[in-house]
Structure formats: C-alpha cells, structure tokens
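1. Mind folding the following:
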Amino acid sequence: MSPEELGVEIGKLCAEAFDFIYEQFKDQPEINDELKKKFSAERERIFSRLVPLIKQQQQLSEEGITECNMNAGITVAESIPDMEEKSIELLETIGNLENEPDQTFLMDVQSLYMILSFLDMEEMQQNAPELLKYVGF
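-> Model prediction:
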C-alpha cells in the first residue's frame, strides 16, 4: 500500500471513530452499561484495523510517514462536516467525564478521541504509554 493509500485508510478509520463518539455523546447521554459496551466494542473494532495500518506506517521512510499522515489528516477533514464545531462540543462532554470512576470506559473514550495522535508513536510513547498498550501496541 502506498503512503497516500495508507493515509486515506487511516483517515477513514479516524473519521469513523470521531463520528461514533459524536453520535454517542451529542445528546449528553447517561453513562450506563449499554453505552460503555458500545464504546468498548467500537474501540476494539477500530483498533483491530488501525493497529496493523499504523505498524505499516511506521515502516515507511520519514518522507512516507509525512505523506501518510498528511493524507490521513486530509481524509479526516474531508469526511467530517462541521468538524471544528463538533470538536468543541465533544471537548466539553469529554471534559465532563474526568470524574467518571470507570477507568476502562475512560480509556475507550480517550483512545477513540485521540485516534490521530497514534500516528506519532514517539510522542504517544512519551505521553500516553498506557493508552498504547491498552489499544494493542
């Protein structure tokens, strides 16, 4: 797969994750077991496909990684209408989760919300090693 194709595939998964989170949280739902199960299942589904793609991305040259990441970002931006507006809404909702006692649920939400961050493995290893391990790296 070329860096461009890889970036597009990664971008599509990132957009799917964002759309999922937005749809689940847009009406400020009650955090219950059903919602937690949905997040767990979606995280597993997305990352079972994303981890192999990111491992391929890590094998690219520095130039290839840059091209891949650029295409991932473009794909996300093109796939999510009103992304800036939706991001602001989500930040508020996710910020309200900081007192949520269920750490597994928080990790599911964080991993899906921060999905583009996984493209910078070095930074993730420094700043969120537990999240890397949680999603299968």
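
2. Distance of the residue positioned nearest the centre of the chain relative to residue 34?
-> In the chain, the centroid-proximal residue (Cα atoms, centre = their mean) is residue 115; its distance is 2.1 Å. Per Cβ to Cβ, to the nearest Å, residue 115 is found 22 Å from residue 34. C-beta here means a position set from N, CA and C on the backbone, and glycine is covered the same way.

3. Let me see the mean pLDDT of the helix ranked longest in the chain.
-> Longest helix of the chain, by residue count under DSSP state H: helix 33-58. Mean pLDDT, helix 33-58: 95.

4. re earlier: so who does the residue nearest to the centre of the chain touch?
-> With contact set as Cβ atoms under 8 Å, 6 or more residues apart in numbering, residue 115 has these partners: 13-14, 17-18, 46, 50.

5. Let's see that with 7 Å instead.
-> By Cβ atoms under 7 Å, 6 or more residues apart in numbering, the contact set of residue 115 is 14, 17.

6. What confidence value was assigned to it?
-> Per-residue pLDDT puts residue 115 at 84.
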